[in-house]
Structure formats: structure tokens, C-alpha cells
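> next one to model:
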Amino acid sequence: MRQGFAAKWLFCVLVLSCVPGCGPLGSSPSSTPLREPGFRASTIRRPALLVRVSVSDDLSQRERSRLPEDYQAAVVEGLDRIGILAVDAATLPPSRSRALEGIERAPALARAREAGAEYLVIVDARLSRGDLVHCRQSGRALTGPTTHWDAALEIDRVSDGKPLLVEPAGPDMRVVDVELDCRTGKLIRRRSMDELIGDSVDLVLAPFNAR
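Numbers count the residues shown, from 1 in each chain. Modelled structure (predicted):
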């Protein structure tokens, strides 16, 4: 899986920037974190689930076919572990859109309504490969080739489609395959894809564990 990633790390200082987005109920919700006052995801028990998983084109066709299924299964299993049974689960084809954009919510909400769900849970995850910066907090930013999952979560009320929680993709919702010694700049190890998927799903489902 990692043949094209065997090259040694090259480190340098990078400047990072962030990009915002907009809009709630259509196909382009806000990329700003949102939480309806008083809403707690931990109270949800039987939601409808909509999952979109996109995998970078520089992975093999086999990986692009298999990894979305693995991630989707991990989401369902993760919810089940915390006592949340999805009454309906649907998937969307991969997309080049930014996280939570390009998703038509009306059909998903209608399907959730038919299934008797009060909430629609949307998970949007993307697997990418490329140079990323690390160890920013150490004052010695390091960059090198990295495989990483970025994930976003949205929870909508089915009755009116109102977003109650939005956790956009960003550094806090990213897991990477590298473990580094930030002091020396040395690569300690690369983590397995199973580890990455498990950690990404744990991050995206974290609001369901908050009390």
C-alpha cells in the first residue's frame, strides 16, 4: 500500500492557512463549527446515517474500492459500540468537493423521515497523500510525505432539516500515518491503515461520547 511512499522525509518550515465556507441546509453547509444550544449528540439513539468516503486518485484501484467500505463499516461499528443503532444507512459516491459540500440533504432527510429517524448523521471523510507540516507546537515545523484522513461530522434534525451540530474538517479532525520525534526530526514509524481508520472514526464520533 505504501510503495510510492518509501522516499526519505525532507523537512522544511511551512506557512499554513485556513479557508472558510458557508450555508446550512442546501448542498454547501458552513465550514464553521456549529452547536445548537442545549443539543447533545450523546442523547441520540436511532439516527439515520449518511456516509461519504473519498480516496485520493494516487492510491490503487483496489484501495479506492476497499477503503471506503472499511471506513463506512468502522463508522457503523463505532456507533454500535456506544449504543447507537442506525435505523437506516446510506452512502454517497466519492467527491472532490470540500468536506460536507456537494451533499444534497433533501433526499437524505426524506429517506431518514421514512425510516422514522429523528436525526440525520452525516460523516464525510477523505483519504489523501501529500506533504504535511508536523511538530508546529515544538517551534520546529517539519514537513514530509504523509497519508492522512480528514473527516467532518454534521447532525441535522429530520423534522425541519436544521443543522444541530457541525464539526468541519480541520487539523483537529485529522489523523496521520507518521509518528515523529519532533526534537530530532526523525521518523519513528508509519501507522497502519487500520489504525488510521479507527482513530479517524473515534475523532468524528467523539461528540456522541460527550456528556
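> if I pick the nearest residue to F208 once chain neighbours are set aside, what's in contact with it?
Excluding the flanking residues, the one nearest F208 by C-beta to C-beta, 6 or more residues apart in numbering is A41, at 4.8 Å. Just so you know, the C-beta spots here come from the backbone N, C-alpha and C atoms, and that holds for glycine as well. Shown in contact with A41 (C-beta atoms under 8 Å, 6 or more residues apart in numbering): I155, L165, P207, F208, A210.
> can you check R126 too?
V53, S54, V55, S56, A99, W149, D150, A151, A169.
> is it true that D70 touches S200?
No. With contact defined as C-beta atoms under 8 Å, D70 does not count as touching S200 (10.9 Å).
> so between those two, which is more surrounded?
Using other C-beta atoms under 10 Å, the more surrounded residue of D70 and S200 is S200, with 25 against 13.
> contacting residues around the helix or strand hosting that one?
In this assignment (DSSP states H and E), S200 forms part of helix 193-204. The list of residues contacting helix 193-204 from outside it, by C-beta under 8 Å, 6+ apart, reads 1, 67, 70-71, 74-75, 78, 123, 125, 147-149, 151-153, 167, 172-173, 175-177.
> out of those residues, which end up buried?
67, 71, 74-75, 78, 123, 125, 147-149, 151-153, 167, 173, 175-177 (16 or more other C-beta atoms under 10 Å).
> so of those residues, which ones are in helices?
Counting by DSSP state H, the part of the buried ones among the contacts of helix 193-204 found in helices is L67, Y71, A74, V75, G78.
> as a quick check, tell me the outermost residue of this protein.
In the chain, the residue that sits farthest from the middle, by C-alpha atoms, centre = their mean, is T184; the gap is 30.2 Å.
> name the element that one belongs to?
Going by DSSP H and E, T184 is not in any helix or strand.
> how close does it sit to L164?
Computed with C-beta to C-beta, to the nearest Å, the distance linking T184 and L164 is 45 Å.
> show me where pLDDT drops low in this structure?
Scanning the chain for pLDDT under 70 picks out the ranges 1-30, 211.
> residue boundaries of the strands in it?
Counting by DSSP state E, the chain has strands at residues 34-35, 48-55, 88-92, 119-134, 142-157, 163-167, 174-176, 178-181, 186-190.
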